[in-house]
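# Here you go, sequence then predicted model.
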Amino acid sequence: MNHLDNLLLLTDSYKITHYRQYPPGTEHVYSYFESRGGDYPEIVFFGLQYYLKKYLSGAVVSQEKIEFAQQFLARHFGNAHLFNRAGWEYILRQHGGRLPVRIKAVPEGTVVPPLNVLMTIENTDPRCYWLTNYLETLLVQVWYGSTVATQSREMKRTLLNYLRETGDPSLIDFKLHDFGFRGVSSVESAAVGGAAHLVNFKGTDTIAGLLLAHDYYGEPMAGFSIPAAEHSTITAWGRQREAEAMRNMLLQFPEGWVSVVSDSFDIFRACSEIWGKQLKDLVLQREGTLVVRPDSGDPPTVVVKVLDLLGEAFGYARNAKGFKVLDPHVRVIQGDGVDRDMLPKILEAMKRAEWSADNIAFGSGGGLLQKLNRDTCKFAFKCAAITIAGKEQDVYKQPVTDPGKDSKAGRMALVRRDGRLVTVRATPQTAQEDILQEVFRDGRLLLETTFAEIRQRAKLEE
Ligand code: 20M
């Protein structure tokens, strides 16, 4: 038995004890998830369907899981009576092990300003009032996919601005390639983060993300890549034979796109002498494009110098916007040090040197999938309403020490007013216009969305 799939234990320790802490007579707990602000003006909600399918759907409670949790938590707390065994046995008996909760959420891919409700959850069986917030720990993990999708979309905005000014905006889909698999803390993070990036782009080396899009969002193939060298396959030939290693790349991959890391010893000499002289004819005879990859130094400086050297060797044309575009047999990829702050610096340096953004693609690893946390968009999950002995009342927090941590009170709906999404108190009237959709009830996924629909919703305005 793999205990990491025991839902009873996918929570914070303190939540185990919370069933005893609500007011007597509590029947319903209603909580919601929002971004309380942070670095970005628009949030892309992404990842919930993965968590619902993987962890919450079907009969997720069993006698075996209850038994193990009972024993394990007795050891953890040094007290065998804290775990809500009776509560879980009730779900097993009365609900066949299916979770008696209702989850409503904004359709994935929807772009929502901060401070709006993105998801709500409430228990459907009054005896399971304690279950709502037990699930917070797991549900709030959607912060990660949502933050990656949000930040990757902002990087897309930056890239589009430079393409519009200096080149061809239709190239946008492949301008930011995901190199992040090795830089994240787990395979699951790679899967969720990799898929989140693919909401905005089509370039990835993070196969885990493609698998998540395939298995949980019905997408046959969400992203693409090309053959490429790494340092080992170049330096294995020895310092004296770097040019031979590079020639081998052109011969092994005689057509289409191929990328070759070129900074093993001297990126500038590689551009001017190896690519630009020794292998120049081979490159120009290829039916395809060589992507030269620098991988060290100050990115804006190195990228411009590489473009200048390749321009001298291979020639370039001026596009309609007046910017230089390399001979189509040669392009550049910068995959070192690329994050949301570095990206515009490189593009700006290129623009100043009159190089079109068409010449370059970016790879980003840690900067794309790991250099962010739950505070980047200040995601939070809070209780907003409670029913005690048949009477519903508002619940909220309003700490004197930080107004930024205020939470919303009462049941809510997400509605469009004058084209803008706003959160309002739920009334019988708001039910028809509510953008929140019931996606999960009593152990069953009610609505499925596809990756194509998510991409469509997250599109940047023309
Ligand atoms: C190379 C170049 C591009 C994307 C991907 C690669 C190959 N994969 C690599 N993976 C890595 C992983 C980790 N670290 C480094 C690397 S790598 O840099 O060695 N390369 S690209 O963004 O330049 N581009 C090339 C052209 C391609 C899209 C991707 N288009 C061809 C037609 C449509 C798409």
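It's in. Numbering: from 1, shown residues only.
# Let me see the ranges of the strands in the stretch 301-450 of the chain.
Shown for the stretch 301-450 of the chain, the strands assigned by DSSP state E, counting those that start in this stretch span residues 316-318, 324-326, 330-334, 360-364, 379-388, 391-394, 412-417, 420-425, 437-441, 444-445.
# of all the residues in the stretch 51-200 of the chain, which ones are close to the ligand?
Of all the residues in the stretch 51-200 of the chain, those in contact range of the ligand (C-beta under 6 Å from any ligand atom) are 174, 177, 179. In short, each C-beta sits where N, CA and C put it, glycine included.
# I'd like to know how many residues surround the last one.
Meaning F179. Counted by other C-beta atoms under 10 Å, the residues lying close to F179 total 23.
# Pretty sure it sits against G363.
Yes. Using C-beta atoms under 8 Å, F179 is in contact with G363, at 4.2 Å.
# what sits in contact with each of those two?
With contacts taken as C-beta atoms under 8 Å, 6 or more residues apart in numbering, the residues that reach both F179 and G363 are 205, 335.
# Just read off the phi/psi values of the closest residue to the ligand within the stretch 1-150 of the chain.
Taking C-beta to the nearest ligand atom as the measure, the point where the stretch 1-150 of the chain comes nearest the ligand is V148, at 16.9 Å. Here the main-chain torsion angles of V148 (degrees, to the nearest 10) amount to phi -60, psi -50.
# That one - how many residues pack around it?
Here the number of neighbours of V148 (other C-beta under 10 Å) works out to 32.
# That one: what's its closest spatial neighbour, skipping adjacent residues?
A196 (3.7 Å; C-beta to C-beta, 6 or more residues apart in numbering).
# what about that neighbour, how many residues close to it?
Neighbour count of A196, defined by other C-beta under 10 Å: 32.
# got a list of what it touches?
By C-beta under 8 Å, 6+ apart, the residues touching A196 are 44, 46-47, 144-149, 152, 209.
# what residues are up against D263?
In this structure, D263 makes contact with 270, 293-297, judged by C-beta under 8 Å, 6+ apart.
# Check what pLDDT it gets.
With respect to pLDDT, D263 scores 98.
# Can you give me every residue that contacts the residue lying closest to R340 once chain neighbours are set aside?
In space, and not counting its chain neighbours, R340 is closest to M155: 5.5 Å by C-beta to C-beta, 6+ apart. By C-beta under 8 Å, 6+ apart, the residues touching M155 are 176, 340, 343, 364, 368.
# What segments of the stretch 151-300 of the chain are helices?
If you assign secondary structure with DSSP state H, counting those that start in this stretch, the helices in the stretch 151-300 of the chain sit at 187-198, 207-217, 231-235, 242-252, 267-269, 280-285, 299-314.
# Which elements pack onto the third one?
Translated: helix 231-235. Applying 3 or more C-beta pairs under 8 Å, 6 or more residues apart in numbering; DSSP states H and E, one finds that helix 231-235 makes contact with helix 242-252, strand 255-261.
# average pLDDT across it?
What helix 231-235 shows for mean pLDDT is 98.
# ditto for the last one
Confidence for helix 299-314, expressed as mean pLDDT, is 98.
# coming back round to it: now the residue of the stretch 1-150 of the chain closest to the ligand: how far from C377?
V148 is 10 Å from C377, where distance means C-beta to C-beta, to the nearest Å.
# for V61, what are its contacts?
7-8, 88, 91-92, 97-99.
# what do you get for R127?
Counting by C-beta under 8 Å, 6+ apart, R127 makes contact with 87, 90, 94.
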